[in-house]
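Enquirer: Sequence first, then the predicted structure, then my questions.
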Amino acid sequence: MKRVFVLASMAFFAVFFAAMPGYGADVSKGIHIGNAGAFTGDAAAPCMEIFNSSQVAVDEWNQKGGIHGVKVKHIMGDDAMDPAQGLNVAQKFCSDKLMYGVIGPPMSHIAQATMKTYGGCNLACITTAASKPSLTDQGYKHFFRVNARNDAHGPNCALFMKNYLKAKRIAILNEKVAYCENLASETIRALKKLRIADIMQDTIVGGSKDFSPVLTKVKAFKPDVLFFIATAAPDQAIGVRQAKELGIEATFFGTEGARDKKDFIEASEGAAEGAYVYHFGPDIYSIPEAASYVKRFESTYGVLSGFGPPAYEAMNILLTAMDKAAKDGDISREEVRKYVSQTENYKGILGFPVTFDNKGDLEGGATYFFRVVGKDFKQVAVMTGK
């Protein structure tokens, strides 16, 4: 009877420890990497660029033998910019016993909604775009980002508007989601520190086809700059087009989501000419180390905007961590998370070495500013931030 009890106990604990996030599994059983993003809806174009760039990295690793002879499987998880759907994706990834890391989520409100779930199952997540500061201020150890935070972007945008655009009177419209609201507040705080207090602020609804009611208020305010803080490029295109149709003479300044050649420049029907946008990633065409990636991406997937390069970098960092974790033939989520956290001076394609601080934030991140010239974006300034 005692022997039966001991055997039953051993079986119980074997199952219990196998279910724990830190449990080491034989690498030969397989390696999955998730990619969480809005692959349908208005943000599908940039998110597909994120996924495809991640796939380029996975393909390169698999062509060299994968992780210790095991091919990596890259799995898409579509959140459609909806927090509830994002949570479903997170739960699905967490329940996959062969899942050892995730690229994304790229949007702050989805990252915010899924933070506890990913943290609870110890899945390392590397976002390429989520920039709300509080995401890494909550004490979680699984979340990392290769982009700067809004408390860098906001002050940098304020400085850009003052020093480069010579703005004295600024209208700020923001969509009511985590990223947009936070960026608006960070920018306004920084503008006031720069002694620019002549600011109009109002909100917009993402996905709206008509921004003219609030843009009419902007026209009456007569700003030098209209800072249009929306998540997706289609909204930015409608905003810049309707602003021009209403005769608003202010310089249009869009956010990172606008850096899309098709959904912003082309969709604006010429109205975006001369507009400015900021972004979390540099002009990749000016970086020699990125040439091979650019060639491979464009030969397979077509036009490249600005969202793919950070994803290629993030995936390579994650795969490097997995390679280290699997060195002894076993791999665990805890080991992968540990090695990601130890990333220091990783030199890839972004033109600067990537190091994560103790919160998981990128050290020395920057904000990049572009002007629309014809059918493309021309980088005009770089500002380093917090």
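Expert: All right, it came through fine. Numbers count the residues shown, from 1 in each chain.
Enquirer: only C-alpha atoms for contact and neighbour calcs from this point on.
Expert: Will do.
Enquirer: Without its sequence neighbours, what residue ends up closest to residue 76?
Expert: Distances taken as C-alpha to C-alpha, 6 or more residues apart in numbering put residue 35 closest to residue 76, at 5.0 Å, once the chain neighbours are dropped.
Enquirer: Tell me the confidence at residue 364?
Expert: Residue 364 is assigned 87 on the pLDDT scale.
Enquirer: what separates it from residue 324, distance-wise?
Expert: Distance, residue 364 to residue 324, by C-alpha to C-alpha, to the nearest Å: 25 Å.
Enquirer: so the residue nearest to residue 76, which of the three states?
Expert: Under the three-state scheme (DSSP: H, G, I helix; E, B strand; the rest coil), residue 35 adopts strand.
Enquirer: Okay, and the beta partners of it?
Expert: residue 76, residue 103 (DSSP bridges).
Enquirer: what's it in contact with, if anything?
Expert: Neighbouring residues of residue 35 by C-alpha atoms under 8 Å, 6 or more residues apart in numbering: 51, 74, 75, 76, 77, 102, 103, 104, 105.
Enquirer: Repeat that for residue 70.
Expert: Contacts of residue 70 by C-alpha under 8 Å, 6+ apart are 27, 28, 30, 31, 62.
Enquirer: The most centrally placed residue in the chain - nearest residue in space that isn't next to it in sequence?
Expert: In the chain, the residue lying closest to the centroid (C-alpha atoms, centre = their mean) is residue 129, at 1.8 Å. Counting by C-alpha to C-alpha, 6+ apart, the nearest residue to residue 129 once its immediate chain neighbours are dropped is residue 106, at 4.7 Å.
Enquirer: Checking my notes, the one you found in a helix, right?
Expert: No - under three-state DSSP, residue 106 sits outside any helix and is assigned coil.
Enquirer: I'd say the residue nearest to the centre of the chain and residue 147 touch.
Expert: Yes - Residue 129 lies in contact with residue 147 (C-alpha atoms under 8 Å); the separation is 5.8 Å.
Enquirer: if I look at the two, which residues touch both of them?
Expert: Common neighbours of residue 129 and residue 147 (criterion: C-alpha under 8 Å, 6+ apart): residue 280.
Enquirer: where do the helices sit along the stretch 1-150 of the chain?
Expert: 2-19, 44-63, 83-95, 108-120, 150-159 (DSSP state H, counting those that start in this stretch).
Enquirer: And the stretch 151-300 of the chain, by the same measure?
Expert: Under DSSP H, counting those that start in this stretch, the stretch 151-300 of the chain gives helices at 178-193, 212-221, 233-245, 291-301.
Enquirer: on contacts alone, who are the packing partners of the first one?
Expert: Translated: helix 178-193. Judged by 3 or more C-alpha pairs under 8 Å, 6 or more residues apart in numbering; DSSP states H and E, helix 178-193 is in contact with helix 108-120, helix 150-159, strand 170-175, strand 225-229.
Enquirer: average pLDDT across that helix?
Expert: On average, the pLDDT along helix 178-193 is 96.
Enquirer: Most tightly packed of the helices of the stretch 151-300 of the chain?
Expert: Across the helices of the stretch 151-300 of the chain, averaging neighbours per residue (mean count of other C-alpha atoms under 10 Å) puts helix 233-245 on top, at a mean of 23.
Enquirer: And for that one, what's in contact with it?
Expert: With contact meaning C-alpha under 8 Å, 6+ apart, helix 233-245 is reached by 42-43, 206-212, 215, 228, 230, 252, 254, 257-260, 263-265, 267-269, 271-272.
Enquirer: so residue 229 sits right up against residue 172, yeah?
Expert: Yes - the pair residue 229 / residue 172 is scored as a contact, 7.3 Å apart, by C-alpha under 8 Å.
Enquirer: Which residues are in contact with residue 261?
Expert: Residue 261 makes contacts with 305, 375, 376, 377, as judged by C-alpha under 8 Å, 6+ apart.
Enquirer: how much space is there between it and residue 269?
Expert: For residue 261 relative to residue 269 (C-alpha to C-alpha), the value is 12 Å.
Enquirer: same thing with residue 259?
Expert: Residue 259 is 15 Å from residue 269, by C-alpha to C-alpha.
Enquirer: Just give the number of residues close to residue 331.
Expert: Neighbour count of residue 331, defined by other C-alpha atoms under 10 Å: 25.
Enquirer: State the pLDDT value of it.
Expert: pLDDT, residue 331: 97.
Enquirer: now it, which residues is it bridged with?
Expert: residue 25.
Enquirer: does it really touch residue 30, like I thought?
Expert: No - proximity of residue 331 to residue 30 does not meet the contact threshold set by C-alpha under 8 Å, at 10.0 Å.
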